[in-house]
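**Student:** coords below, sequence missing:
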Ligand SMILES: [Zn+2]
Ligand SMILES: [Zn+2]
């Protein structure tokens, strides 16, 4: 089969790759659409020691079951899925927090991913999608679920209600976009998105219709926001998050571009700031997200760019050089 293989830092190539073989309790999926994630870009840049050259990346997939070794899904079923393959029996899995599974592995990391015509995956990781839901929309489940999980955790710590709150989202990439769309759906009174990339800021303005800030030229208000969601997670954005959150407010740290930081422990303590981390999503979050996408909670999502898998190398290059107007590119192995 054809696959887009990560061959060396800053290079992915279309190559002939061994087709997956059917294992017990697994299925073979034909990939209908697969998104390029920030973490795929991180691997592409050679910055992820867990993702080594020779690997097929890609974990934001929608596909059709071609062969099944499980009674859970029959041939022809249209699905998306949880790229985290979890054990189902550790404390976290049993408590419904399988994103923290002690024994987890991952599609596109510890096993071949979805930048290919076919991929194998355990049937227990799959989620059925409605008949009238497009594969392109379903392939957005994973990044949108990251926002769903983060906002869910934020609500648990948040003392104010969305209707009388001011929120700042830092970063207008795909996760920032989904976060802002979700917060708008929840009825947040006043929301600003901070983003340095002009085209991404324009896309957020068009899709979300909230306030926009360019941190390169504008001052972010100090002690102002009830909730700050940092979808970048860099030293500079963490400083902005601490400056802009108001006393008693919540900072949700979603992105993880780097992690060495001085945290303003004085403000955290004296102003009762709640600092939260979040990691991916549970399988339940993914199910909720499929329903949200299907109901239109995130809008039509037509800001997403779609390209044939054959042009995947150019898509990685465009994202690398910041030439892509869209924060999310979907690759289509069969009908791009
Ligand atoms: Zn992803
Ligand atoms: Zn587990």
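**Tutor:** Perfect, thanks for sending it. Source: prediction; values computed, not measured. Numbering: from 1, shown residues only. Ligands and ions are numbered 1, 2, ... in the order given.
**Student:** Bridge partners for residue 35, pull those for me.
**Tutor:** residue 60, residue 330 (DSSP bridges).
**Student:** what helix or strand does residue 159 sit in?
**Tutor:** Taking DSSP states H and E as the definition, one finds residue 159 inside no helix or strand.
**Student:** quick one: it and residue 247 touch, right?
**Tutor:** No - applying C-beta atoms under 8 Å, one finds residue 159 not in contact with residue 247, separated by 11.3 Å. Bear in mind the C-beta positions are built from the backbone N, C-alpha and C, glycine included.
**Student:** What are the boundaries of the strands in the stretch 101-250 of the chain?
**Tutor:** Under the criterion DSSP state E, counting those that start in this stretch, the stretch 101-250 of the chain contains strands at 105-106, 118-122, 126-128, 166-170, 190-194, 211-213, 225-230, 245-253.
**Student:** Can you name the residue of the stretch 101-250 of the chain nearest to ligand 2?
**Tutor:** residue 101 (3.2 Å; C-beta to the ion).
**Student:** so what's that residue up against?
**Tutor:** 84, 86-87, 90, 92-93 (C-beta atoms under 8 Å, 6 or more residues apart in numbering).
**Student:** other SSEs contacting the helix ranked longest in the chain?
**Tutor:** Longest among the helix segments of the chain by residue count, using DSSP state H, is helix 141-157. Secondary-structure packing of helix 141-157 (3 or more C-beta pairs under 8 Å, 6 or more residues apart in numbering; DSSP states H and E): strand 60-68, helix 174-185, strand 225-230, strand 245-253, strand 274-277, helix 283-295.
**Student:** out of these, deepest packed?
**Tutor:** Of the helices and strands packed on helix 141-157, the one with the most neighbours on average (mean count of other C-beta atoms under 10 Å) is strand 225-230, at a mean of 27.
**Student:** Give me the packing partners of it, helices and strands only.
**Tutor:** Taking 3+ C-beta pairs under 8 Å, 6+ apart as the contact cut, strand 225-230 packs with helix 141-157, strand 166-170, helix 174-185, helix 235-244, strand 245-253.
**Student:** Adding mean pLDDT and distance to ligand 1, write those out as CSV.
**Tutor:** Formatted as CSV, the helices and strands packed on strand 225-230 follow (pLDDT from 0 to 100; distance: least, C-beta to the ion, whole Å):
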stretch, mean pLDDT, distance to ligand 1
helix 141-157, 97, 5
strand 166-170, 98, 18
helix 174-185, 97, 8
helix 235-244, 97, 19
strand 245-253, 98, 17
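**Student:** Pipe the ones you listed into JSON lines and attach distance to residue 322 per row.
**Tutor:** Listed next are these as JSON lines, based on distance: least, C-beta to C-beta, whole Å:
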{"stretch": "helix 141-157", "distance to residue 322": "19"}
{"stretch": "strand 166-170", "distance to residue 322": "17"}
{"stretch": "helix 174-185", "distance to residue 322": "14"}
{"stretch": "helix 235-244", "distance to residue 322": "17"}
{"stretch": "strand 245-253", "distance to residue 322": "23"}
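**Student:** The strands of the stretch 101-250 of the chain into a markdown table, with extra columns for distance to ligand 2?
**Tutor:** Shown next, in a markdown table, are the strands of the stretch 101-250 of the chain (distance: least, C-beta to the ion, whole Å):
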| stretch | distance to ligand 2 |
| --- | --- |
| strand 105-106 | 11 |
| strand 118-122 | 13 |
| strand 126-128 | 17 |
| strand 166-170 | 31 |
| strand 190-194 | 35 |
| strand 211-213 | 40 |
| strand 225-230 | 27 |
| strand 245-253 | 24 |
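**Student:** What's the nearest residue in the protein when you look at ligand 1?
**Tutor:** residue 37 (3.0 Å).
**Student:** could you check the distance from the residue sitting nearest the centre point of the chain over to residue 267?
**Tutor:** By C-alpha atoms, centre = their mean, the chain has its centre lying nearest to residue 143, at 2.4 Å. Note on residue 143: its distance to residue 267, by C-beta to C-beta, to the nearest Å, is 31 Å.
**Student:** Pull up the residues of the stretch 51-200 of the chain that are close to ligand 1.
**Tutor:** residue 60 (C-beta under 5 Å from the ion).
**Student:** rerun that using 8 Å as the cut-off
**Tutor:** Within reach of ligand 1 by C-beta under 8 Å from the ion, the stretch 51-200 of the chain has these residues: 59-60, 83, 142-143, 146.
**Student:** Now, the contacts of residue 101 that are in helices?
**Tutor:** 92-93.
**Student:** Closest one of the contacts of residue 101 to residue 124?
**Tutor:** residue 86 (8.5 Å; C-beta to C-beta).
**Student:** Can you select the buried ones among the contacts of residue 101 for me in ChimeraX?
**Tutor:** Here is the ChimeraX selection string for the buried members of those, based on 16 or more other C-beta atoms under 10 Å:
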select :84,86,90,92,93
